[in-house]
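Undergrad: pasting a predicted model and its sequence here:
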Amino acid sequence: MKQIIFLALMIMPLLSFAGPSEVLLSLLKTPPSERIQLSSEKLNALETLKKLGIINSEPDIVADYNHIYMANKQLPILGGVLLALDDEYFDSYVGCCVNPGIALVIHVGKKNADALRLMEFAKENACSVTPFEQAIMANELEESLLETSNKEDIVVLSCKLHDEANTQIE
């Protein structure tokens, strides 16, 4: 009987562990008023993605307030596949225009029912969805992504302080 209880206690943490897609979604669901602060939940979620090998332990691109991580593994997210994660935060002043929060660069392919799922998520979480070619991203990211993907199939889901449920995809 003790062995069964021990085994059950050992398995419980595994059952409660969220998968990488859920961890990623938790980063995006932060209410706008809380996006300016660096929370322990955000740090833990980023650390989990690093430990799982989804993103590198250090950012691939650093630009102003942005730490951009290229996806190392194919991670399904909201009907698409994660290409990159942009973590913008205010640590120390380096100039104007910080917009703290998380943005995902997602390969969505041709428009279909999954696009509706992405739009609904954006609306529910005060995020915006923008075609990649209209988004303001680091040049290095643009060059890297356009080598591997068609820009028409890429969108940016931005859940940052100044985003609203404002989508530019039709």
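TA: Cool, the structure landed.

Undergrad: now the phi/psi pair for the most centrally placed residue in the chain, please.
TA: Note on the chain: the residue nearest the mean C-alpha position is L104, at 4.0 Å, using C-alpha atoms, centre = their mean. The phi/psi pair for L104 (degrees, to the nearest 10) reads phi -120, psi 140.

Undergrad: that one and P76 touch, don't they?
TA: No - taking contacts as C-beta atoms under 8 Å, L104 lies outside contact range of P76: 11.9 Å. No exception for glycine: its C-beta is placed from N, CA and C like everyone else's.

Undergrad: re the thing from before, so who does the closest residue to the residue nearest to the centre of the chain other than its chain neighbours touch?
TA: Leaving aside its sequence neighbours, L104 sits nearest to L157 (C-beta to C-beta, 6 or more residues apart in numbering; 4.7 Å). Listed by C-beta atoms under 8 Å, 6 or more residues apart in numbering, the contact set of L157 reads L28, L78, A103, L104, I106, L118, F121, A122, C127, S128, V129.

Undergrad: quick check: the second one vs S149, distance?
TA: Going back to what we said before, that points to L78. Distance of L78 to S149, computed by C-beta to C-beta, to the nearest Å: 17 Å.
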